[in-house]
Structures are given as structure tokens and as C-alpha cells.
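Undergrad: With the sequence up front, the predicted model follows.
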Amino acid sequence: MSPLTVELASHYVHVRVLLGMVVGLGLTHLIRNFARIIDRPVRLKAYWIHLLWAISMFIYLLHFWWWEFRLSHTVEWTFEIYLFVTVYALLLYLLCTILFPDVLEEGKDYRSLFYDRRAWFFGLLALAYMVDFVDTLIKGEAYFRATGSEYIVRNLGYVAMCGVAIATRNPVFHGFFACVGLAYQVSWIIRQFQTLN
């Protein structure tokens, strides 16, 4: 390895530690709440659309952690890049806490929680997909171009669907968006990110 490669790797390890903590908190938050639903199925009534979005966020966090490995090739780390990537990770954690608050209010179930908080959840999810454009550009213009037009259409499609999800409480739309969004997310990851190279 060249001295520059070793130096870049050592800078990235510092960044990766913080990202790992934030991603770990998000994953732990989701898993803890999945366990609560299993432990108290009568008191904490699950709602399938809400659960699909929680699974989607679980996969998003894993995907984020995997994808951020590309930052190890970033030539020059600045505080602004460090702050940006940290805020992106915190945004994903915030999405997890919106799906599962620490305490579910008396008389509420996950169905009503989901629809009551949909503007926050989908607004921040749309923001995450827009932030992802900048995150991809940080990895280099060549990398951004290599993601292809599907990447741009995918992100803008998610943003548009989030806009509709904010505007409507229609369970048919929300079920469709959750199912198709999750299936596409898994398909995208399998097709794009088999290795860290």
C-alpha cells in the first residue's frame, strides 16, 4: 500500500467510528422495538405497513453503512464533509425514532402513530434521498456518473412518492408504497452493491 492509501485509510477509520455508533444506535432502536412488539403483541398492536417501513429503515441503515465504505477513497477530508456525513447518519437515526417513539401514548397503536407521524417520517425520508445525491457526489463525480440514470430516477421517484405519502392517509397507497419501495430497495442493493469495490 502506498503512504497516501494508508493515510486515507487512517482518516476514514476516525470517521467510520462515529458513523458506526450512529448506525448501531439506529439498528439497536429498531431491533429493541421489534422485540417489544413480539413480547407484548396485545398491548403494542403491530401494523403491517408500519412494520414494512421499519424493515425498510433497517435495510437502509445497513446499506448506508456498506455504501459509506466508498468514503475511504475520499482524498481530502474536511470538517464540512465530516459534518455532512454525520448529519446524514443522524437523519437516518431520527427516522427510526419517528417510527418507534420511546413511549407509545395511551390509547395509540402503531397504525394511528404511523398516520399521525407520516408528514414527519416521509418529509425526512424525502430529505434523506436528496441528501444522498450530495453524499454520492462526495465520493467523486466518476462514482456519481457510474451509478447511472437509474440512481437519479430512483431517488427522485422516492421523493415524489414521499410527497404523495405526506398528502394522503389512504391505506391502499401506503401499502403499495411500502411493498414496492421495500422490494425495489432490496433489488437495488443486490444489483449494485455485491462487493465493497
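TA: All right, it came through fine.

Undergrad: Mind pulling up the pLDDT for Arg36?
TA: pLDDT recorded at Arg36 is 90.

Undergrad: swap in Thr74?
TA: Thr74 is given a pLDDT of 64.

Undergrad: With Arg70 instead?
TA: With respect to pLDDT, Arg70 scores 68.

Undergrad: Same question for Leu44.
TA: 77.

Undergrad: Okay, and it sits in which element?
TA: Leu44 is part of no helix or strand, with elements assigned from DSSP states H and E.

Undergrad: Tell me how many other residues crowd the nearest residue to it once chain neighbours are set aside.
TA: Nearest non-adjacent residue to Leu44, counting by Cβ to Cβ, 6 or more residues apart in numbering: Ile37, 5.1 Å away. For every residue, glycine as well, the C-beta is placed using N, CA and C. Neighbourhood size, Ile37 [other Cβ atoms under 10 Å]: 18.

Undergrad: list the contacts for Ile37?
TA: Going by Cβ atoms under 8 Å, 6 or more residues apart in numbering, Ile37 touches Leu44, Ala46, Leu51, Tyr110.

Undergrad: How much space separates the last one from Leu71?
TA: For Tyr110, the distance to Leu71 under the criterion Cβ to Cβ, to the nearest Å works out to 35 Å.

Undergrad: State the pair within the contacts of Ile37 that is farthest apart.
TA: Using Cβ to Cβ, the two most remote members of the contacts of Ile37 are Leu44 and Leu51, lying 11.3 Å apart.

Undergrad: re earlier: please identify which of the contacts of Ile37 is nearest to Phe79.
TA: Leu51 (38.5 Å).

Undergrad: For the closest one, what is the enclosing helix or strand?
TA: Using DSSP H and E, Leu51 falls within helix 48-67.

Undergrad: Going by neighbour count, list what's buried in that helix.
TA: Going by neighbour count (16 or more other Cβ atoms under 10 Å), the buried part of helix 48-67 is 49-58, 60-61, 63-65, 67.

Undergrad: got the contact list for that helix?
TA: Counting by Cβ under 8 Å, 6+ apart, 19-20, 23, 26-27, 30-31, 33-34, 37, 88-89, 92, 95-96, 99-100, 110-111, 113-114, 121, 128, 171, 174-175, 178-179, 181-182, 185-186, 189, 193, 196 sit against helix 48-67.
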